[in-house]
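**Q** Okay, predicted coordinates and the sequence, questions at the end:
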Amino acid sequence: MNPYIAIGLLLLLSTGLALIIVLLGAVLGPNNPNERKLEPYESGMVPVGEAMQRLPIRFYLIATLFIVFDIEVIFLFPWALIFRKLGIFGLVEMAVFLLILLVGYIYIWQKGALEWD
Amino acid sequence: MNTNVDWLQRSLAIGPELLLMLGGLVVLLVDMWLADDDHPLLPGLTGLFMVGALIWSFVPFIPGMGITPGTIYGMFALDNLTIFFRVFVLTSSLLVLALTTVYIKGRTEQTGEFYSLLLFITLSVILASAANNLIMIYLAFEFLSLTSYIMVGWLRDDVRSNEAAMKYLLYGAISSAVMLYGMSLLYGATGSTNIAEIAAVFANPRTEIVGIFNLGITAAVLMMVGFGFKVALVPFHQWSPDAYEGAPTPVTTFLSVGPKAAGFAIMIRVLTGALGAQTESWQAMLSAVAILTMVVGNLTALAQTDMKRLLAYSSIAQAGYILMGLVANNPADNFGIRAVLVYLLAYLFTNIGLFVSVIGFEQATGSTTIDDYRGLIRRSPFHAMAMVIFFLSLLGIPPTAGFLGKFLVFGAVINAELYFLAVVGMLTSVISAYYYLNVVRVMFFQGDEEDRPLRFAFPLQAVLVITLVGTLLMNLYPTPFLNLIGEPTNLVTQLFGQLPF
Amino acid sequence: MSSIPLEWYLMLAAVLFAIGAFGAFSRRNAVAILMGIELMLNAVNINLVAFWRYVEPQGLEGLMFAIFSITVAAAEAAVALALVLALYRTRDTINVEEIDLLKW
């Protein structure tokens, strides 16, 4: 059997189910809107200010640092999988890699990039 | 075989690279600890690590310590080409370091980071020239690119520096993405990222993959976008004049030498190594690129009024001449590649020498406009005479290093019977004489209102003398260099073994 | 088992790459150009992983290449955003058509 038939069925089912749920809600549920309910959802709280406003530049700095450090750690996973095969050499290599990351971390720390104020 | 000892030995074989990496980290940490940005310890340490790496690079020449050519885990090639580029790039970084110490004072507060990046960029050029695997080539290539973007944009409050870095980055990121696409095709065609294995597959294609040769050619075209960007070949050159003009001048100096060396080293390894079986296809493509590069580079240089931009276009044109050597290479004796290496070495001394003069002039007058060079012969005769010699060398007129380089490259082209290429090369050289000698005319025969003598800082004068000696010595004592042609083996011993330094 | 042929993946990657390239060449906002470039890099990752699966599944080179290219793309994005910020501070614009001090 063609494997795409299953995918097609799944697609049909999920779309249909979603449609049914939305339609049922719209038909059966009571509908009395007020101003607060129509506002964009923000964790159930009353929204404060506009969404399209300027953010402090610190957010970008933190985000950039996060991207770099977060992605670099990806290498630990394949390394951990074949750690036993690599032996001491692999350990030393990873230590060197982490040392470089550590120096980078100390650097941004000392430069005050992690301080909020 | 005891594998523990094995990897220790291999680590010792890449000692210069480890030393550079350690140096970069140490300088960064020391800078944090020092309060003073202009502390002499920073350039001192940087120089120390570079000299250490340079000395370590000569270890293979000690009798009994010779390394057996090979690769480290198939990633890092240990051969004469690697050793040549190690010595090449360490020499140029040491010269650039001397320029930096003079230039950087008062221009930026981030001096320690700059020295640290100088060590890292040196490392990246060596890694790129030694890379023996597509993954390694890509990583070293991007390492080099990222460090150069940052260094070009170093003067954070300078509008031009920022703009140059942004343009360099946008061009660079796009061309490296195209190159990566080419690499993925090459991997798909051969099922390997190792250069030797790729070459083996092409030499003996597996039958189940149809059209494998064509995929190799497609990959070569796409990868040339990246390589061409790195060495600034037309039509991937547009970034280079902007980046050269906007960057801090010592960075421009390094950019005109380091990335070019790395780009040509990668081209030599990938084209003659991995794609040796498709030589005819890429040779045709490269000769077209070389012709375009020489013509466009030289013609555009005619219109320049800024010294750094003039040198940018001149270095684009020079890349075209260097590329001719690669096009004309004959795999039997590698004459073309050796001509490329000699040309690169001549170019190293000549170009750094010219940029020293530019930096000295910029420090004294704050200008890089060609018109402001008028009357230089009266203000600083030695400086002006040195510039004349460097221009002659770029032109390829004896008794300068450039003559030896051009002589060998054109020799290789004529040996390969690529007469059209040779004729275009000759004609564009004549065009280049116009703009090189125009600067000489301005320096010698114009202006007399400004007669105050120019003073050069000591490091600048030292570098000027070193590059001048190098430029002249390569032609006046060419035996070790010419021996390259007769003896294909042990290239670097031929090159450096007999030089008195 | 009938499975999706390799060509389809390559086609997908080629289309994605072309869309990314179009974005990189047609947008005027530096950040939008960078997004186009990211798309190009991710197209290559599809290529690499597909080739790994179909051409050389016993090796790991294709997978490792993809992981390395992801990390390099992240590092590149970090440097690029830093430069965009520096540019914005001095020029008050990130429209690449207005960044035109250096020419010819």
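**A** Alright, I've got the coordinates.

**Q** Could you check the longest helix seen in chain C against chain A for contacts?
**A** Secondary structure of chain C per DSSP state H: the longest helix is helix C:61-91. Yes. Judged by Cβ under 8 Å from any Cβ of the partner chain, helix C:61-91 comes into contact with chain A at C:63-64, C:67, C:70-71, C:74-75, C:77-78, C:81-82, C:85. From N, CA and C alone the C-beta is placed, and that goes for glycine too.

**Q** Over that helix, what's the mean pLDDT, rounded is fine.
**A** The average of the pLDDT scores along helix C:61-91 is 90.

**Q** packing partners for that helix?
**A** helix A:57-72, helix A:76-81, helix B:134-152, helix B:159-190, helix C:30-55 (3 or more Cβ pairs under 8 Å, 6 or more residues apart in numbering or on different chains; DSSP states H and E).

**Q** Not counting residues beside it along the chain, what's closest to A:L91?
**A** With sequence-adjacent residues excluded and distances taken as Cβ to Cβ, 6 or more residues apart in numbering or on different chains, A:L91 is closest to A:F83, at 7.7 Å.

**Q** Please apply the same query to B:F349.
**A** B:G470 (3.6 Å).

**Q** Check C:A73 too.
**A** C:L41 is the one closest to C:A73 (Cβ to Cβ, 6+ apart), at 4.7 Å.

**Q** quick one, what contacts that neighbour?
**A** B:177, B:180, C:20, C:69, C:73 (Cβ atoms under 8 Å, 6 or more residues apart in numbering or on different chains).

**Q** and those, which are buried?
**A** Buried members of the contacts of C:L41, counted by 16 or more other Cβ atoms under 10 Å in any protein chain shown: B:177, B:180, C:20, C:69, C:73.

**Q** Could I get the contacting residues of the fourth one?
**A** To tie it back to what came earlier, the one meant is C:S69. Going by Cβ under 8 Å, 6+ apart, C:S69 touches B:138, B:180, C:41, C:44-45, C:48.

**Q** How far off centre is the longest helix seen in chain A?
**A** Determined from DSSP H, the single longest helix within chain A is helix A:83-110. Put simply, helix A:83-110 sits 25 Å off its chain's centre (Cα atoms, centre = their mean, to the nearest Å).

**Q** for that helix, packing partners?
**A** Partner elements for helix A:83-110 (3+ Cβ pairs under 8 Å, 6+ apart): helix A:57-72, helix A:76-81, helix B:3-13, helix B:15-33.

**Q** Would you mark the buried spots in it?
**A** Residues of helix A:83-110 classed as buried: A:89-90, A:94, A:103-104, A:107 (neighbour count, 16+ other Cβ under 10 Å).

**Q** element containing B:I121?
**A** helix B:111-130 (DSSP states H and E).

**Q** pLDDT averaged over that helix - what is it?
**A** What helix B:111-130 shows for mean pLDDT is 94.

**Q** Other residues contacting the least confident helix or strand in chain A by mean pLDDT?
**A** Lowest on mean pLDDT, DSSP states H and E among the helices and strands of chain A sits helix A:35-38, with a mean of 74. The contact list for helix A:35-38 (Cβ under 8 Å, 6+ apart) reads A:V46.

**Q** Give me the nearest residue to the residue of chain A found nearest chain C, chain neighbours excluded.
**A** Chain C sits closest to A:I71 of chain A, with a gap of 3.9 Å, by Cβ to the nearest Cβ. Using Cβ to Cβ, 6+ apart and skipping the chain neighbours, the partner closest in space to A:I71 is C:A74 (3.9 Å).

**Q** okay, now that neighbour: neighbour count?
**A** Burial of C:A74 is recorded as 19 neighbouring residues (other Cβ atoms under 10 Å in any protein chain shown).

**Q** Could you double-check that it sits in contact with A:L65?
**A** No. Between C:A74 and A:L65 there is no contact under Cβ atoms under 8 Å: 11.2 Å.

**Q** can you pull the contacts of residue 76?
**A** In the absence of a named chain, chain A is used. A:M94.

**Q** The chain in question should be chain C.
**A** B:142, B:146, B:173, C:37.

**Q** Next: B:L344.
**A** B:88, B:260-261, B:264, B:322, B:405.

**Q** List the ones among those residues that fall in strands.
**A** With strands taken from DSSP state E, there is no overlap with the contacts of B:L344.

**Q** Among the contacts of C:L41, list the two that are farthest apart in space.
**A** Greatest spatial distance in these: C:G20 and C:S69, 13.6 Å, computed using Cβ to Cβ.

**Q** got the end-to-end distance for stretch A:74-92?
**A** End-to-end distance of stretch A:74-92 (Cα to Cα, to the nearest Å): 18 Å.

**Q** Pull the distance from it to the chain's centre.
**A** Relative to its chain's centre, stretch A:74-92 lies at 26 Å (Cα atoms, centre = their mean).

**Q** same deal with stretch C:40-53?
**A** The answer for stretch C:40-53 is 11 Å, by Cα atoms, centre = their mean.

**Q** With stretch B:299-318 instead?
**A** Mean-position distance between stretch B:299-318 and its chain equals 17 Å (Cα atoms, centre = their mean).

**Q** now stretch B:366-386
**A** For stretch B:366-386 - counting by Cα atoms, centre = their mean - the centre lies 26 Å from the chain centre.

**Q** what comes into contact with it?
**A** B:245, B:249, B:304-308, B:310, B:353, B:357-358, B:360-362, B:365, B:387, B:438-439, B:442-444, B:446-454, B:456, B:464, B:468.

**Q** Which among these count as buried?
**A** For the contacts of stretch B:366-386, buried by 16+ other Cβ under 10 Å: B:245, B:249, B:304, B:306-308, B:310, B:353, B:357-358, B:360-362, B:387, B:438-439, B:442-444, B:447, B:456, B:464, B:468.

**Q** which bits of chain A sit near chain B?
**A** Residues of chain A lying near chain B (Cβ under 8 Å from any Cβ): A:87-89, A:99-100, A:103, A:106-107, A:110-111.

**Q** Make CSV from those and add pLDDT to it.
**A** As requested, those are exported to CSV (pLDDT from 0 to 100):
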residue, pLDDT
A:G87, 82
A:I88, 84
A:F89, 82
A:L99, 93
A:I100, 92
A:V103, 93
A:I106, 92
A:Y107, 91
A:Q110, 87
A:K111, 85
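
**Q** quick one: which of those is nearest B:S161?
**A** Among those, and counting by Cβ to Cβ, the member closest to B:S161 is A:K111, at 20.3 Å.

**Q** Nearest residue to the closest one in space, please, no chain neighbours.
**A** A:K111 sits nearest to B:M32 (Cβ to Cβ, 6+ apart), 7.7 Å away.

**Q** any idea how far B:F49 lies from B:I55?
**A** B:F49 sits 11 Å away from B:I55, going by Cβ to Cβ, to the nearest Å.
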